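# Just the structure for this:
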Amino acid sequence: MGIKHVKPTTAGRRQAKFDDFSDITKTIPEKRLVIAKKRSGGRNAQGKITVRHRGGGAKRGIRVVDYIRDKFDIPARVAAIEYDPNRGARLALLNYKDGEKRYIVSPIDLKVGDEILSSNKKIEIKKGNAMPVEYIPAGVPIYNLEMIPGRGGRIARGAGNSVSVMGVEKEFAQVKLPSGEIRLINKNCLCTVGQASNPDKRHIKLGSAGRKRHLGIRPTVRGTVMNPVDHPHGGGEGNQSIGLKHPKTPWGKPALGVKTRRKKKASGKFIIARRGKKRK
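Down below sits the predicted model:
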């Protein structure tokens, strides 16, 4: 993938950066692997808005992606690299020897015609191959890592993300996540060798409000320009600072940088080093 610029015919296009889709080999998705996406506009079953700033946007279907990789020891050939409107990474369409087709999150540099394999035993360290994390040498990047064996990949599925294996001891593997957090993962958890594709996704700049609307994101109004009745930050003559000890949400709860993870969460015992903290 590459990033392209266009002629600055408008103010928005002057700032915008676009995906050139040079790595896409197939534009029409596999019909049997696409399901309809129901849109809620951020509303719950009662019709009340529970997630703000949602609505509109381009119509899109949900690609059924195989995060579990449970077709063990059956070789698969990469038939195409496809764009997915619901994620930053690319999808790889696999044709298995038994005739089944599946999508997986594609790693960087996976090419059409490559043959990959998934196994619960030790196999070749090759981009796209899936195996338990206990067989991954230290320093080899992986992605689509399970948190619980058999539940499917949960960690490092976004564009350009990867996890570093630091070592395996007894029943756990020590891994470093994209956030910098170091934690223990059951050594039987499956992972995929490589780094999730499309790392240049972070360089794309929308440049205009219209492109934001195409993504289904509606305008956001700052609390500081509202009235006091509408937001804790509102009120005052002219431009005002927040004027509080700490920022708040529209409902008066602490906001911006507040930790939301439960302190006594059961899985906290597996975290060796928290994200954002320097190790001595």
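
# Can you get me a residue count around G268?
The local packing of G268 (other CB atoms under 10 Å) involves 12 other residues. In short, each C-beta sits where N, CA and C put it, glycine included.

# now do the one 3 residues further on
Close neighbours of I271, defined as other CB under 10 Å, add up to 15.

# Please save the CA atoms from stretch 16-27 in PDB.
Extracted in PDB, the C-alpha atoms of stretch 16-27 (Å, rounded to 0.1, in the frame of the first residue of the first chain):
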ATOM      1  CA  ALA A  16      -6.000  15.200   2.300                       C
ATOM      2  CA  LYS A  17      -4.000  12.000   1.900                       C
ATOM      3  CA  PHE A  18      -5.500   8.900   0.100                       C
ATOM      4  CA  ASP A  19      -4.900   5.200   0.000                       C
ATOM      5  CA  ASP A  20      -3.700   4.200  -3.500                       C
ATOM      6  CA  PHE A  21      -4.900   0.500  -3.100                       C
ATOM      7  CA  SER A  22      -1.900  -0.700  -5.000                       C
ATOM      8  CA  ASP A  23      -1.900  -4.000  -3.100                       C
ATOM      9  CA  ILE A  24      -5.600  -4.900  -3.800                       C
ATOM     10  CA  THR A  25      -5.900  -7.700  -6.300                       C
ATOM     11  CA  LYS A  26      -9.700  -8.300  -6.200                       C
ATOM     12  CA  THR A  27     -12.400  -5.600  -5.900                       C
END
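
# Can you point out the buried residues in that stretch?
A16, F18, D19, D23 (16 or more other CB atoms under 10 Å).

# Check these and tell me the two furthest apart.
A16 and D23 (20.1 Å; CB to CB).

# Provide a list of residues in contact with K265.
Shown in contact with K265 (CB atoms under 8 Å, 6 or more residues apart in numbering): no residues.

# ditto for A209
By CB under 8 Å, 6+ apart, the contact set of A209 is G12, P219.

# how close does it sit to P219?
7 Å (CB to CB, to the nearest Å).

# again with H203
Taken as CB to CB, the span from H203 to P219 is 24 Å.

# ok, these two, which is more surrounded?
Comparing H203 with P219 by neighbour count (other CB under 10 Å), the higher total belongs to H203, at 11 against 8.

# The closest residue to that one other than its chain neighbours - how many residues pack around it?
Spatially, and ignoring its direct neighbours in sequence, H203 is nearest to I3 (5.1 Å; CB to CB, 6 or more residues apart in numbering). For I3, the neighbour count with other CB under 10 Å is 13.

# hmm, back to that, dump the buried residues of stretch 16-27 to JSON lines, plus secondary structure and pLDDT.
Below are the buried residues of stretch 16-27 laid out as JSON lines (DSSP: H, G, I helix; E, B strand; the rest coil; pLDDT from 0 to 100):
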{"residue": "A16", "secondary structure": "coil", "pLDDT": "95"}
{"residue": "F18", "secondary structure": "strand", "pLDDT": "95"}
{"residue": "D19", "secondary structure": "strand", "pLDDT": "93"}
{"residue": "D23", "secondary structure": "coil", "pLDDT": "93"}
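
# As a markdown table, these with distance to G234 would be great.
Supplementary listing: the buried residues of stretch 16-27 in a markdown table, determined by distance: CB to CB, whole Å:
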| residue | distance to G234 |
| --- | --- |
| A16 | 32 |
| F18 | 37 |
| D19 | 38 |
| D23 | 47 |
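
# quick one: contacts of the strand or helix carrying N95?
Per DSSP states H and E: N95 is located in strand 91-96. Contacts with strand 91-96, where a contact means CB under 8 Å, 6+ apart, come from 26, 30, 33, 63, 65-66, 71, 74-84, 101-106, 110, 116, 128.

# Go through the residues you listed and flag which are in strands.
The strands, defined by DSSP state E, take in 63, 76-82, 101-105, 116 from those.

# For A196, state which of the residues you listed is nearest.
Closest to A196, out of all of the ones in strands among the contacts of strand 91-96 and judged by CB to CB, is V105, at 5.8 Å.

# Verify the contact between the closest one and E82 for me.
No. Applying CB atoms under 8 Å, one finds V105 not in contact with E82, separated by 11.1 Å.

# if you count what's nearby, which of the two comes out ahead?
Taking other CB under 10 Å, V105 and E82 do not tie; V105 has more neighbours (27 against 21).

# Mind pulling the model confidence for G57?
G57 is assigned a predicted lDDT (pLDDT) of 94.

# Give the full set of residues in contact with I272.
I272 neighbours (CB under 8 Å, 6+ apart): Q174, I182, R183, L184.
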